[in-house]
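Peer 1: mind folding the following:
(2 chains)
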Amino acid sequence: GAVVSQHPSRVICKSGTSVKIECRSLDFQATTMFWYRQFPKQSLMLMATSNEGSKATYEQGVEKDKFLINHASLTLSTLTVTSAHPEDSSFYICSARSPGLNNEKLFFGSGTQLSVL
Amino acid sequence: DQQVKQNSPSLSVQEGRISILNCDYTNSMFDYFLWYKKYPAEGPTFLISISSIKDKNEDGRFTVFLNKSAKHLSLHIVPSQPGDSAVYFCAASATGNQFYFGTGTSLTVIP
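Peer 2: Modelled structure (predicted):
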């Protein structure tokens, strides 16, 4: 089946630094990728929709200048948390929509646990 | 506004018995539904899907039932196995739009 690779799986950083998370679709081209975050015991919350070659669409309440999304190719989207603060500590997950017959199926990366000290 | 709800945060079932996980939604435009399984610190794994033209979809030990009039879907796992212990999320979308997730149900299968 389709595979989505997310890196790094875990990152600890100091407050004020920036962190980049990569999401790659390994065996299919993803024109659309999604970025979610999850707080403990809460649902996955969509942060933004990343479209290849165009600007990302952010959900209400998500700061686009803080969470920079770049979808430079059909297999790679990146999320950069700029000037991270402790409240940004969360589990971030990307997903990609698989094209073809199962084009409604989302495949997820393994997630990135971000801890900001 | 939570459009997809899983009202049971946790469920414990004896190995070999049936696990039933429930999900309710409010948006009548939703026409495609998914169930995902998630282990701690890992990304969700797709389990099974159903479109609104069906009321049942079966894949091995997993069956999803959809009741459109009640805006309710359920996931049945039978027989339950200890390896099924995980958090299960339901998700719903209207065609071509984003998916909305429930808050998850933590299933524990007791050996």
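
Peer 1: burial of the residue of chain B found nearest chain A, as a residue count?
Peer 2: Residue of chain B nearest chain A, by Cβ to the nearest Cβ: B:Gly43 (3.8 Å). C-beta coordinates here come from the backbone N, C-alpha and C atoms, glycine included. Using other Cβ atoms under 10 Å in any protein chain shown, B:Gly43 is surrounded by 22 other residues.

Peer 1: might one say that it is in contact with A:Leu106?
Peer 2: No. Counting by Cβ atoms under 8 Å, B:Gly43 does not reach A:Leu106; the two are 10.2 Å apart.

Peer 1: what number of residues lie near the nearest residue to the residue of chain B closest to chain A once chain neighbours are set aside?
Peer 2: Take B:Gly43 and drop its neighbours on the chain: the residue closest to it by Cβ to Cβ, 6 or more residues apart in numbering or on different chains is A:Phe108, 3.8 Å away. The tally of other residues near A:Phe108 (other Cβ under 10 Å) stands at 22.

Peer 1: any residues touching the lowest-mean-pLDDT helix or strand in chain B, and which ones?
Peer 2: Counting by mean pLDDT, DSSP states H and E, chain B has its least confident helix or strand at strand B:100-101, which shows a mean of 87. Residues outside strand B:100-101 that contact it (Cβ atoms under 8 Å, 6 or more residues apart in numbering or on different chains): A:43-46, B:3-4, B:25, B:27, B:30, B:89-93.
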